[in-house]
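Engineer: Here is my input, please return the structure:
(one chain, ligands or ions: 1)
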Amino acid sequence: MSREDTPPSGLDRPLRVAIIGAGMSGILTAIRLQQAGLDDFTIYEKAGRLGGTWRDNRYPGLSCDVPSHLYSYSFELNPEWSHWFSPGAEIQAYFEGVAKKYGVIPRIRFNAEVTAAAYVDGRWELEIGDGSRDTVDVVIAATGVLHHPVYPDIDGLDSFEGACFHTARWPDDLDLSGKRVGIVGTGSTAIQIVPAIVDQVAKVSLFQRTAQWILPLPNPAYGEQEKTAFRASPELMRSTYLHLAERFQNTFARAVVGDQEEMGKLEAACEANLRDNIADNELRARLTPDYKVACKRLIMSDAFYPAIQKGNAELVTAGIERVEPAGVRTGDGRLHELDVLVLATGFDGHAFMQPMQVTGRDGLTLAQAWADATEAYRSVALPGFPNFFMLVGPNSPIGNFSLIMISEMQLAYVMQLVDVLRRGEAREIAPTADATARFNAEIREAMKGTVWVTGCRSWYLDKNGNPAMWPWTFERFEAEMRKPDLEEFELVA
Ligand code: NAP
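Structural biologist: Numbering: from 1, shown residues only. The predicted structure is shown next:
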């Protein structure tokens, strides 16, 4: 059944649903629930505004490195994107616009963090941070992946006298003009910030612990003529979306899970970028990684190498010894005097909806279930936690692909499970422990063929060294999400 269709009769059991999080996945879920005729739901949002990662991240240079015409809801393609990789504020405005258009905003309870969810007598009892409670039949955790900032454990960090903050907590009123700015980290975030601020600041010092491979993708703006063509032709937008999806599937998504030919192309492009665009041998040596291309999340930028070679930019590779009131002291004894210290030190990609306390059947807590490893059944459900579903959960295919498309596919799958409840075929549905164990054993085996385990440190890896990624092709993900195999679920009448 297409979600746009009127639900067929038989979906009679009324269900109350809680959506947790009003980011990309939460907005999507609200739209799909409404379209499916499931109107009794609330979105709980911990912040005062929707948008998730696009609300939290406001640093200079922020954009999405998935092409905008792909990083869009499939049912809300947007002719107005300004760039191939549009800026963060534009993406935030897109989500706000879609939420408004589909009447999602009045369904959101802002500043309402769900602190606990417990399965009691066949329903989920929720506790909200403001002291209120709700009882629902189904929980859909749309809580995102990269939203728990990681702060580095560096001696003296609190002693710094200037402004010091994580990139996801960028102060709105900060003027960097003429300032000496230090940035800790060289992930996608830092690499976007350096070119965006280098011409404005007195000096930017980039503290690199590990060099990064960088794929030189240009970011052209769309001209008025192209936008007019998109406006006039939904078919053109659709074919652009499908073309971009296919490009990613057939190149990058294959390379990271073992396609040597595609990996060879990526390697050649990254190596040539470094060779051709860094003039100084000594700087090039310091920017050359000692691990395989795409082992860490590959960075897309044609602006970073020009920026780091500017006269007022410095790549600092001596390790950080400590932070002092006046700046950063490196292992070679040098004090890098700074006015602003930016922590581009990434996120905990393994916490998911935690610290929310989730208690499933028979008192099983999520903390217990995930004590050894953060595992789920096909990323969307957990044994022992009936009628509780996740979007973009553990082992979703999150490496350089449109998370929106992934979330749409996962939700279409979850909606089929919800329909089992609506049809009254079961009051409880959860994957079996056996099916979940089989799935995760298969995942661990398949990980051995991926680039993520070839020897580098990255946020992909959990405490056991297992990547929180999807180790197969995108086509396999698409096929597995088409229809749940109810044999792998426990249905309780
Ligand atoms: P990240 O990739 O996890 O990078 C964190 C950086 O901080 C690394 O360079 C790390 O060094 C460094 N670091 C951490 N602790 C440190 C310490 N104590 N001392 C020195 N250096 C330290 O984080 P991110 O750049 O915020 O990116 C996270 C993810 O967000 C990306 O991988 C991507 O998935 C997503 N993102 C996407 C976009 C986009 O355009 N779509 C943009 C930004 C972010 P090591 O490498 O040595 O660990």
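
Engineer: Could you use CA atoms for every contact and neighbour count after this?
Structural biologist: Fine.

Engineer: Now the longest helix along the chain: average pLDDT?
Structural biologist: In the chain, assigned by DSSP state H, the helix with the most residues is helix 403-422. Across helix 403-422, pLDDT averages out at 97.

Engineer: Stretch 455-464 now?
Structural biologist: 93.

Engineer: List the buried residues of that stretch.
Structural biologist: Residues of stretch 455-464 classed as buried by neighbour count (16 or more other Cα atoms under 10 Å): 456, 458, 460, 461.

Engineer: what about the first one, distance to residue 211?
Structural biologist: Right, residue 456. Distance of residue 456 to residue 211, given as Cα to Cα, to the nearest Å: 11 Å.

Engineer: if we can go back for a sec, CA atoms of the helix or strand following the longest helix of the chain as CSV?
Structural biologist: The C-terminal neighbour of helix 403-422 among helices and strands, as given by DSSP states H and E, is strand 428-431. This file holds the C-alpha atoms of strand 428-431, laid out as CSV (Å, rounded to 0.1, in the frame of the first residue of the first chain):
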residue,chain,number,x,y,z
GLU,A,428,2.4,-6.7,20.9
ILE,A,429,5.0,-7.0,18.2
ALA,A,430,8.8,-7.3,18.8
PRO,A,431,11.6,-9.1,17.0
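
Engineer: start at 9 instead
Structural biologist: All set: I'll call the first residue 9, so the last point we hit is now strand 436-439.

Engineer: still on that earlier bit, now, which of the buried residues of stretch 463-472 sits nearest the ligand?
Structural biologist: residue 466 (5.9 Å; Cα to the nearest ligand atom).

Engineer: just so I have it, where are all the helices in the chain?
Structural biologist: 32-43, 61-64, 96-109, 196-205, 232-240, 242-258, 260-263, 268-285, 289-294, 312-316, 374-377, 411-430, 441-455, 482-490.

Engineer: Nearest to the ligand, out of those helices?
Structural biologist: Of all those, helix 196-205 comes closest under Cα to the nearest ligand atom, at 3.7 Å.

Engineer: Find the nearest non-adjacent residue to residue 444, please.
Structural biologist: residue 385 (4.8 Å; Cα to Cα, 6 or more residues apart in numbering).

Engineer: What's the separation between residue 295 and the ligand?
Structural biologist: 12 Å (Cα to the nearest ligand atom, to the nearest Å).

Engineer: quick one, phi psi at that residue?
Structural biologist: phi -90, psi 0 (degrees, to the nearest 10).

Engineer: From the ligand, how far off is the nearest residue to residue 235 once chain neighbours are set aside?
Structural biologist: Spatial nearest neighbour of residue 235, excluding adjacent residues (Cα to Cα, 6+ apart): residue 87 at 5.6 Å. Distance, residue 87 to the ligand, using Cα to the nearest ligand atom: 20 Å.

Engineer: so who does residue 87 touch?
Structural biologist: 235, 236, 238, 239, 245 (Cα atoms under 8 Å, 6 or more residues apart in numbering).

Engineer: Let me have those residues in JSON lines, extended by distance to residue 73 and neighbour count.
Structural biologist: Formatted as JSON lines, these follow (distance: Cα to Cα, whole Å; neighbours: other Cα atoms under 10 Å):
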{"residue": "235", "distance to residue 73": "20", "neighbour count": "17"}
{"residue": "236", "distance to residue 73": "24", "neighbour count": "12"}
{"residue": "238", "distance to residue 73": "21", "neighbour count": "20"}
{"residue": "239", "distance to residue 73": "23", "neighbour count": "16"}
{"residue": "245", "distance to residue 73": "19", "neighbour count": "22"}
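
Engineer: residues in the stretch 59-208 of the chain within reach of the ligand, list them.
Structural biologist: Taking Cα under 6 Å from any ligand atom as the contact definition, the stretch 59-208 of the chain meets the ligand at 71-73, 160-162, 192-198.

Engineer: try 5 Å
Structural biologist: Applying Cα under 5 Å from any ligand atom, one finds that the stretch 59-208 of the chain approaches the ligand through 72, 73, 160, 193, 194, 195, 196, 197.

Engineer: which of those has the weakest pLDDT?
Structural biologist: residue 73 (87).

Engineer: wouldn't that one be in contact with residue 306 here?
Structural biologist: No. Counting by Cα atoms under 8 Å, residue 73 does not reach residue 306; the two are 10.2 Å apart.

Engineer: just to revisit the earlier point, filter the residues of the stretch 59-208 of the chain next to the ligand to the buried ones?
Structural biologist: Buried, going by 16+ other Cα under 10 Å: 72, 73, 193, 194, 195, 196, 197, out of these.

Engineer: Would you map the strands across the stretch 109-258 of the chain?
Structural biologist: For the stretch 109-258 of the chain, the strands defined by DSSP state E, counting those that start in this stretch cover 116-117, 122-128, 131-136, 141-144, 146-149, 171-174, 188-192, 211-215, 222-223.

Engineer: possible to save these as JSON lines with mean neighbour count and mean pLDDT?
Structural biologist: Shown next, in JSON lines, are the strands of the stretch 109-258 of the chain (neighbours: other Cα atoms under 10 Å; pLDDT from 0 to 100):
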{"stretch": "strand 116-117", "mean neighbour count": "22", "mean pLDDT": "98"}
{"stretch": "strand 122-128", "mean neighbour count": "21", "mean pLDDT": "98"}
{"stretch": "strand 131-136", "mean neighbour count": "21", "mean pLDDT": "98"}
{"stretch": "strand 141-144", "mean neighbour count": "16", "mean pLDDT": "98"}
{"stretch": "strand 146-149", "mean neighbour count": "24", "mean pLDDT": "98"}
{"stretch": "strand 171-174", "mean neighbour count": "18", "mean pLDDT": "98"}
{"stretch": "strand 188-192", "mean neighbour count": "24", "mean pLDDT": "98"}
{"stretch": "strand 211-215", "mean neighbour count": "24", "mean pLDDT": "98"}
{"stretch": "strand 222-223", "mean neighbour count": "25", "mean pLDDT": "97"}
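
Engineer: Out of those strands, the one nearest residue 336 is which?
Structural biologist: Checking those against residue 336 by Cα to Cα gives strand 188-192 as the closest, at 8.2 Å.

Engineer: elements contacting that closest one?
Structural biologist: strand 211-215, strand 348-351 (3 or more Cα pairs under 8 Å, 6 or more residues apart in numbering; DSSP states H and E).

Engineer: In a markdown table: these, plus distance to residue 359.
Structural biologist: Output for the helices and strands packed on strand 188-192, formatted as a markdown table (distance: least, Cα to Cα, whole Å):
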| stretch | distance to residue 359 |
| --- | --- |
| strand 211-215 | 26 |
| strand 348-351 | 20 |
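
Engineer: what about the helix or strand of the chain with the lowest mean pLDDT, distance to the chain center?
Structural biologist: Using mean pLDDT, DSSP states H and E, helix 260-263 stands out as the lowest-scoring helix or strand of the chain, at a mean of 86. Its chain's average C-alpha position is 18 Å from that of helix 260-263, according to Cα atoms, centre = their mean, to the nearest Å.

Engineer: Also stretch 242-256?
Structural biologist: Taking mean C-alpha positions (Cα atoms, centre = their mean), stretch 242-256 and its chain are 22 Å apart.

Engineer: Would you mark the buried spots in that stretch?
Structural biologist: Buried-residue list, stretch 242-256, by 16+ other Cα under 10 Å: 245, 246, 248, 249, 252, 253, 256.

Engineer: Next, the residues that contact that stretch from outside, please.
Structural biologist: 75, 77, 78, 82, 85, 86, 87, 237, 238, 409.

Engineer: and which of these is nearest to residue 297?
Structural biologist: The closest of those, once distances to residue 297 are taken by Cα to Cα, is residue 409, at 23.1 Å.

Engineer: hang on, that closest one packs against residue 76?
Structural biologist: No. When contacts are counted by Cα under 8 Å, residue 409 is not listed as touching residue 76 (11.5 Å).
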